[in-house]
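What shape does this take:
(one chain, ligands or ions: 1)
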Amino acid sequence: MRMVEEIVKNMTLEQKAAQLVQIPYAQVGREKAEEWARLGVGSFLHVMGDNAKRLQEIAVKSGAHIPLLFGIDAVHGHCLNRKATVFPTQLSMACAFDPALVKRMAQAAAKEISADGLHQTFSPVLCLGRDMRWGRVDETFGEDPFLAGELGAAMVEGYQGEDNADDTSVMACAKHYIGYGEATGGRDSYDTSITYRKIKDTFLPPFEKAVKAGLASIMTAYGSIDGTPCTSDKKLLKEILKEELGFDGFVVTDWQNVSHLIREQHVAENEKDASRLALESGNDMMMNAPEFYEAILDLVESGEVKEEQLDAAVLRILTVKKRFGLFEDPFKQADERYLGCEEHLRLNKEIARESVVLLKNDGILPLTGQKRILVAGPSADDIRCNYGDWTYFSHPLPDYDTQPVRPYVTLLEGVKELAKKHNCTVDYVKGCEINEEIQGGIEKTVAAAKKADIVIFACGDNILLAAEACDRADVRLPKAQRELFKALCATGKPIVTALICTKPLCVPEVDAHSTAVLTNFNGGMFGGLALAEAVFGEINPHGKLPISFPYHVGQQPCYYNQLPGWHCRSYADMPEKPLYPFGKGLSYTSFAYSDMSFDAKTLTLRVNVQNVGERDGAEIVQVYFRDIVSSVITPVKQLVAFRKVQLKAGESKELRFTFTRSDFSLVNAQERRVTEAGAFEIMVGGRSDDADLQKCMFTLS
Ligand code: NOJ
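Model prediction:
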């Protein structure tokens, strides 16, 4: 095994420059891609199967014989490959509050990614989803840094495996570093004015946990922080990430971030300027930046950039390539039979079921007795609504078409199947399209509803309303769906609403007029089936919201862990509380919390949780804390632990949570993370809203 340092020493300047470039296969095409491979380019993205193999054959025979690294957007499964398992999106998975489950998903996804001969997935997304206007909320684990960090670290572990060099391990690439979700106006890639203190306090912790879990690569965000593009922010990349966090993987820019420094962000005059800035600021690999190659060669030759700077970046990339076994086997590949295999489909169903969140239930669910059911709405029988972003529908690659591939089950199909068992009959009227201004199906739907005992209304958005560069100013249901819902309400029939949406939508009218509401966002292949199972009581839902639903777009941000204010606790025309708060999720049974105590010496919390209903069920117990007096203002509460507990009807369990002092830390005005002595309040319960939580105080000396 050659030592990477030695390889770097023997590389020509051209080979080093090429190693720092990542080329998009679909954009440049086969011929150009092969030229790049001969030149010794470091990496390609969005290339699969035989195309990847061919490029690798060229790369290992050319120049410095360094194996290529292939990256892919496999963010909820290897979904750009139509044979692969389409898992629920991150936001959907987050509803299960279950790191072990996320880890299993990532292990399965890694097997499918490497079955295609690929090595790196641009996942997990560790941005926080706090502004529903933003088009990429669906890609996040929700609004909370603690939850995002726990799930993100589990995902990294799952992808990378215990032995990184194993055929079934792939490199994780946490993104988008950093503050991307906070962009002004919820507009993708815009500037944000958050401070470094805020970054360290709120947005860095998920990345920090991913780094601790052994993260191989990290992607810089498109955006900028207070006027400095993330791509040219030395403090963010070098000081905080590489030095303070000790990140030893490599940094890759997002798509064309180098040229964005010139064209969109106007902090560089030309390609040389931008390339120098990107490299000097701490980026190691430049995604879709072919211009970087010539520019950096010129800069080194003219003495404006030192060759050692390239060496440092190349060394990071090669070290990761070595760690993942590419030098031993550039063609490492898992068994192709992993793609969409039975075991992964089973896991997929399990995740979809664990992710169902019941938001309202006036007692109508689970459905009992013989019923005539009308399934209505545009999301009921369109699998694209369940798949969400980054699937072969939304980002088709060359050689792949966009027809849905079985096995998948839509909500309608799930309801029809289960209706047989429950002696119910099912009619279906779509009623309208997802995003129509006016709809023509209203009369037909109303007529069918009048004949039914109950309506299951499936509504929401789809990837044409939410994606990268696709933000919304109005996050209500689109007009036709609102009209359809109104007409259904006028029939007086009970309505069970299934929200199949990429992210929280503002749906106060749906909440007010539905007898029951449930969601699992984009639940993947079996998201619809899981919702149908919940409706019929085949499963007892226990998912919780990883994100708050606002009443109204203008009421944002409404995440639960806000800093306290005092004058305007609520708006003159709107409550300040969300429609559905973080952590909320009902069940067909109920749980009671009692006997809470906290031992300040051992930092151990004890609490008793009892299933006081008549059905077996599971509860996701959430622990929050508040720092009573602190040098900087701290949130009204912050999640500090959670655990899923299965309880039979009537059963109770004592749960123990043990903490360390640093769990109660804050980032002070000097940007240092510290735990300040004094009083704290600790709270435990089944959701984030105050009234339901058990509380006690403790003191740290
Ligand atoms: C741009 C997106 O912002 C990022 O999330 C993705 O991984 C890259 N493009 C590669 O497709």
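
Once you drop chain neighbours, what's closest to Arg643?
Distance criterion CB to CB, 6 or more residues apart in numbering; nearest residue to Arg643, sequence neighbours excluded, is Val621 at 5.2 Å. For every residue, glycine as well, the C-beta is placed using N, CA and C.

in which helix or strand would I find the one you found?
Element membership of Val621, judged by DSSP states H and E, is strand 617-627.

what are the pairing partners of that strand, and which direction each?
Applying DSSP bridges, strand 617-627 is found paired with strand 638-647 (antiparallel), strand 678-685 (antiparallel).

Out of the ones you listed, flag the one nearest the ligand.
The ligand lies closest to strand 638-647 among the strands paired with strand 617-627, at 25.6 Å (CB to the nearest ligand atom).

Name the residues of the closest one that come out as buried.
For strand 638-647, the neighbour count (16 or more other CB atoms under 10 Å) marks 638-642, 644-645, 647 as buried.

Including pLDDT and distance to Pro541, could those go into a markdown table?
Below are these laid out as a markdown table (pLDDT from 0 to 100; distance: CB to CB, whole Å):
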| residue | pLDDT | distance to Pro541 |
| --- | --- | --- |
| Gln638 | 98 | 26 |
| Leu639 | 98 | 21 |
| Val640 | 98 | 25 |
| Ala641 | 98 | 22 |
| Phe642 | 98 | 17 |
| Lys644 | 98 | 13 |
| Val645 | 98 | 15 |
| Leu647 | 98 | 15 |
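
Can you give me the neighbour number for the closest residue to Tyr25 other than its chain neighbours?
Residue nearest to Tyr25 in three dimensions, not counting chain neighbours: Val47, with 3.5 Å by CB to CB, 6+ apart. By the criterion of other CB atoms under 10 Å, Val47 has 28 neighbours.

how about Val47, what does it touch?
Counting by CB atoms under 8 Å, 6 or more residues apart in numbering, Val47 touches 25-26, 33, 55, 70.

Which ones among those residues map onto helices?
Residues of the contacts of Val47 located in helices (DSSP state H): 25-26, 33, 55.

Can you show me the strands along the stretch 501-650 of the chain?
516-519, 591-599, 604-611, 617-627, 638-647 (DSSP state E, counting those that start in this stretch).

Lys371 against Cys424, yeah?
Yes: contact criterion CB atoms under 8 Å: Lys371 and Cys424 qualify, at 4.6 Å.

These two: which has the busier surroundings?
Regarding Lys371 and Cys424, a neighbour count based on other CB under 10 Å identifies Cys424 as having more, with 20 against 17.

Tell me how far the more buried one lies from Glu413.
Noted for Cys424: a distance of 14 Å to Glu413, by CB to CB, to the nearest Å.

before we move on, the earlier item: give me the buried entries from the contacts of Val47.
Buried by 16+ other CB under 10 Å: 25-26, 33, 55, 70, out of these.

For the residues you listed, give me CSV that also has distance to His513.
Shown next, in CSV, are the buried ones among the contacts of Val47 (distance: CB to CB, whole Å):
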residue, distance to His513
Tyr25, 49
Ala26, 46
Ala33, 55
Leu55, 56
Phe70, 50
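
residues in contact with the residue lying closest to Ser123 once chain neighbours are set aside?
Nearest residue to Ser123, sequence neighbours excluded (CB to CB, 6+ apart): Val75, at 4.4 Å. Applying CB under 8 Å, 6+ apart, we find Val75 in contact with 89-90, 121-125, 139, 389-390.

Restricted to helices, list those.
Using DSSP H, the contacts of Val75 in helices are Gln90.

Who wins on neighbours among the contacts of Val75?
Highest neighbour count within the contacts of Val75, by other CB under 10 Å: Thr89, with 33 neighbours.

picking that back up, which one, of the strands of the stretch 501-650 of the chain, ends up nearest to the ligand?
strand 516-519 (24.1 Å).

Using CSV, write down the CA coordinates of the closest one.
Extracted in CSV, the C-alpha atoms of strand 516-519 (Å, rounded to 0.1, in the frame of the first residue of the first chain):
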residue,chain,number,x,y,z
ALA,A,516,-58.8,13.3,12.0
VAL,A,517,-55.5,14.4,10.5
LEU,A,518,-52.4,12.4,9.9
THR,A,519,-49.2,12.7,8.0
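
which parts of that strand are buried?
Buried residues in strand 516-519, counted by 16+ other CB under 10 Å: 516-519.

ok, now stretch 74-87?
For stretch 74-87, the neighbour count (16+ other CB under 10 Å) marks 74-82, 84-87 as buried.

now stretch 339-356
By neighbour count on 16+ other CB under 10 Å, the buried set for stretch 339-356 is 339-341, 344-345, 347-356.

for the ligand, what are the nearby residues on the stretch 401-550 of the chain?
Where the stretch 401-550 of the chain comes near the ligand, counting by CB under 6 Å from any ligand atom, the residues are Glu468.

ok, now which ones touch the closest residue to the ligand within the stretch 401-550 of the chain?
Nearest to the ligand in the stretch 401-550 of the chain, going by CB to the nearest ligand atom, is Glu468, at a distance of 5.3 Å. By CB under 8 Å, 6+ apart, the residues touching Glu468 are 135-136, 188, 389.

Sort out for me which of the residues you listed are in helices.
Of the contacts of Glu468, none are assigned to helices by DSSP H.

Filter those residues down to the ones in strands?
Counting by DSSP state E, none of the members of the contacts of Glu468 fall within strands.
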